[in-house]
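Q: sequence unavailable; structure follows:
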């Protein structure tokens, strides 16, 4: 149990981090329905009155990706935009139909345009909690949805902070492939990794004008690692 506690220490760490940054960030946990709507399929839905659209779906059936805002039992369903600006640049439609907004570093222009258009709801920065991206070379631009987002970051961390990486029982770094890219899992209890993560997030919040973070891929159990045969050497249970 002690090892398991250390494994999920990042969950506590990240929760405290979100709480420290802003009150709006905590609103994400207050009953918001986060709708992962593909930004290529934005329409201009109209409010739906009467019975909830969910009542007409079969048990276990997911809501349609372009589901309009609806009213359920007198309480408004609150939708969150996730997590890139629309490709057609139509921020007005986004502003009119969503209540909370999740964007990524380098989306500051869209974020500021939403604010200028009257959005007062939280606009938080999406971040992966437990992995860094290997862009394939030391000069390539890494994905900006994680903290090692500057060219050369992965090479520097790999060479100078090997202890930050999560290792499996064979001593190999744990790789989490996604979209043809390579993301490396980091040791959530390593103080150096925690300090680096915190420093980068603070920079985004304080220097780039973000008001909170949306943490993704916070693994609170070993279920995924067990399924992939990647049991961490430090945290086997």
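A: Great, that's in hand. Model, not experiment: these values are computed from the prediction. Numbering: from 1, shown residues only.
Q: show me what secondary structure element comes after the helix of greatest length in the chain.
A: Counting residues, the longest helix found in the chain (DSSP state H) is helix 191-207. The helix or strand immediately downstream of helix 191-207 is strand 213-216, counting by DSSP states H and E.
Q: residue 192 against residue 164, yeah?
A: Yes: checked against C-beta atoms under 8 Å, the pair residue 192 and residue 164 is within contact range at 5.8 Å. Placement of C-beta: from N, CA and C, glycine included.
Q: which one of those two has more residues nearby?
A: Applying other C-beta atoms under 10 Å to residue 192 and residue 164 shows that residue 164 carries more neighbours, namely 20 against 14.
Q: who are the neighbours in contact with the more buried one?
A: Contacts for residue 164 were tallied using C-beta atoms under 8 Å, 6 or more residues apart in numbering; they are 157, 186-187, 190, 192-193, 196.
Q: out of the residues you listed, who has the most neighbours?
A: residue 186 (28 neighbours).
Q: tell me the confidence at it?
A: Model confidence at residue 186, given as pLDDT, is 95.
Q: gap between it and residue 91?
A: 34 Å (C-beta to C-beta, to the nearest Å).
Q: ok, now residue 199?
A: For residue 199, the distance to residue 91 - C-beta to C-beta - is 31 Å.
Q: swap in residue 232?
A: Going from residue 232 to residue 91 by C-beta to C-beta gives 42 Å.
Q: these two: which has the busier surroundings?
A: The neighbour comparison of residue 232 against residue 91 (other C-beta under 10 Å) goes to residue 91, with 21 against 18.
Q: that one contacts residue 117, doesn't it?
A: Yes: under the contact definition of C-beta under 8 Å, residue 91 touches residue 117, with a separation of 6.7 Å.
Q: number of residues surrounding the closest residue to residue 143 other than its chain neighbours?
A: Leaving aside its chain neighbours, residue 143 sits nearest to residue 133 (4.6 Å; criterion: C-beta to C-beta, 6 or more residues apart in numbering). Here the neighbour count serves as a burial measure; for residue 133 (other C-beta under 10 Å) it reads 23.
Q: mind listing the strands whichever helix or strand residue 133 is part of pairs with, and their directions?
A: Counting by DSSP H and E, the element that carries residue 133 is strand 131-134. Partner strands for strand 131-134, per DSSP bridges, with pairing direction: strand 181-185 (antiparallel).
Q: show me the shaky parts of this protein.
A: Counting by pLDDT under 70, the chain shows low-confidence ranges at 1-76.
Q: which parts of it are strands?
A: Defined through DSSP state E, the strands belonging to the chain, from first to last, are 33-34, 71-72, 75-76, 79-82, 100-103, 123-128, 131-134, 175-178, 181-185, 213-216.
Q: thank you kindly, that will do.
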